[in-house]
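> predicted model and sequence follow; I will ask about them next.
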Amino acid sequence: MTTQHNTPAEICCIGHITHDKVITPSFEAEMPGGTAWYFAKALKSFNMPGFKVVTCIGDSETAAVDELRADGIDVSVIHSPSSIIFENKYGENMNERTQRVLAKALPFTTSNLADIHAKIYHLGTLMADDFDLDVIRMLASRGRVSVDIQGYLRKVVGEDVVAVDYDLKREAMPYISILKANEREMEVLTGTSDPYEAARILAEWGCPEVTLTLGDRGSLIYAGGEFYEIPAIPTDSLVDATGCGDTYSAGYLYARSNGASYTDAGMFAAAMCTIKLGRKGPFEGTLNDVKMLLRHNVAMC
């Protein structure tokens, strides 16, 4: 069951906290993961009023929830027989990874989210069945829905994760206020590798605010019929890319909810990703760190 909440949060991130096995050329580690973990950790030092997390975990991830609560984050837990267990393997190119799923958790449903209220709901999909269309519709009737599309495009075959299309994408898109996809995901969704064309297609299907992350080429935002090109902020240290997309979403939604323009929100998110890439695990910077990097980046241009 979930904890009761009567006061709407500004942003509510809904997603599984996972048990991640991360393998890179420079290290191997086991750690908490998943959208709820990386998103919450990214915002923990920003003192954002009304931010909360809803997650679904097995007993193995109780310590991760305790850590988030110790960070001052409001966390509601839906109990599952097991947590999701991911293996993420990276090569020299941090834009590429292979994944295996070693265990799954229960999906989120309209009944176990019935008492959750927020102005913005960010759905961190990890598997195609995490959130069905009824959940998206219900949350859209209460506030704005932000979706990281990645999980809808994942099918588990044995233990391997393979790319699939999202069958209900046209039905879902009118209920999604903000969509985040990377360059591979946008191509699966739309059939084109051109981010400008892909963004237009997604908007035509009904999503008014599309954010496309393009790895070291930065990101592209399409809203109100206008494109906003966001450059990547260079880093000399590429340590761990796991959770970078979640960090981008956290930064973007934080900035937008505080009145930032599309460009400024995109740059804020890009700066957070640059800081996160330089260390193992989630973003651990401060608001001042992000602002300093942005000022330095502007001075160098």
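Good, I have the coordinates. Numbers count the residues shown, from 1 in each chain.

> only C-alpha atoms for contact and neighbour calcs from this point on.
Noted.

> contacts for the lengthiest helix in the chain?
If you go by DSSP state H, the chain has its longest helix at helix 262-277. For helix 262-277, the external contacting residues (Cα atoms under 8 Å, 6 or more residues apart in numbering) are 218-219, 221, 228-235, 237-241, 244-245, 247-256, 282-285, 290-291, 293-294.

> restricted to helices, list the residues you listed.
Secondary structure from DSSP H places 244-245, 247-256, 290-291, 293-294 of the contacts of helix 262-277 in helices.

> name the helix or strand for the residue nearest to T109 when sequence neighbours are not counted, please.
Spatial nearest neighbour of T109, chain neighbours left out: V135 (6.1 Å); criterion: Cα to Cα, 6 or more residues apart in numbering. Using DSSP states H and E, V135 sits in helix 133-140.

> returning to that earlier point: list buried residues within the ones in helices among the contacts of helix 262-277.
The neighbour-count test (16 or more other Cα atoms under 10 Å) applied to those identifies 244-245, 247-256, 290, 293-294 as buried.

> from the residues you listed, pick the one nearest A172.
Closest to A172 out of those is S249 (19.2 Å), distances taken as Cα to Cα.

> if we can go back for a sec, just checking, the residue nearest to T109 touches T110?
Yes: the criterion here is Cα atoms under 8 Å, and V135 meets it with T110 at 5.2 Å.

> count the residues that sit near P234.
Residues lying near P234 (other Cα atoms under 10 Å) number 14.

> could we number from 360 for the rest of this?
All right, first residue 360 from here; so that's P593.

> distance of it relative to F398?
Distance, P593 to F398, by Cα to Cα, to the nearest Å: 22 Å.

> so T570 sits in a helix?
No: counting by DSSP: H, G, I helix; E, B strand; the rest coil, T570 falls outside a helix, being strand.

> do a quick rundown of the helices in the stretch 460-609 of the chain.
Secondary structure of the stretch 460-609 of the chain (DSSP state H, counting those that start in this stretch): helices at 492-499, 528-531, 542-549, 554-563, 603-616.

> nearest to F445, of those helices?
helix 603-616 (15.5 Å).

> now that closest one: mean pLDDT?
Taken as a whole, helix 603-616 has an average pLDDT of 96.

> packing partners for that helix?
helix 394-402, helix 621-636 (3 or more Cα pairs under 8 Å, 6 or more residues apart in numbering; DSSP states H and E).

> could you check the angle the last one makes with helix 394-402?
In this structure, helix 621-636 runs at an angle of 100 degrees to helix 394-402, with axes from the mean of the first three to the mean of the last three Cα atoms, to 10 degrees as the basis.

> output helix 621-636 as PDB, nothing but the C-alphas.
Written as PDB, here are the backbone C-alpha positions of helix 621-636 (Å, rounded to 0.1, in the frame of the first residue of the first chain):
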ATOM      1  CA  TYR A 621      13.000  26.000 -22.700                       C
ATOM      2  CA  THR A 622      16.600  27.000 -23.500                       C
ATOM      3  CA  ASP A 623      17.600  27.800 -19.900                       C
ATOM      4  CA  ALA A 624      16.000  24.600 -18.700                       C
ATOM      5  CA  GLY A 625      17.800  22.600 -21.300                       C
ATOM      6  CA  MET A 626      21.100  24.200 -20.400                       C
ATOM      7  CA  PHE A 627      20.500  23.600 -16.700                       C
ATOM      8  CA  ALA A 628      19.800  19.900 -17.400                       C
ATOM      9  CA  ALA A 629      22.900  19.600 -19.600                       C
ATOM     10  CA  ALA A 630      25.100  21.100 -16.900                       C
ATOM     11  CA  MET A 631      23.700  18.500 -14.400                       C
ATOM     12  CA  CYS A 632      24.500  15.700 -16.800                       C
ATOM     13  CA  THR A 633      28.100  16.900 -17.300                       C
ATOM     14  CA  ILE A 634      28.700  16.900 -13.500                       C
ATOM     15  CA  LYS A 635      27.000  13.500 -13.100                       C
ATOM     16  CA  LEU A 636      29.100  11.900 -15.900                       C
END
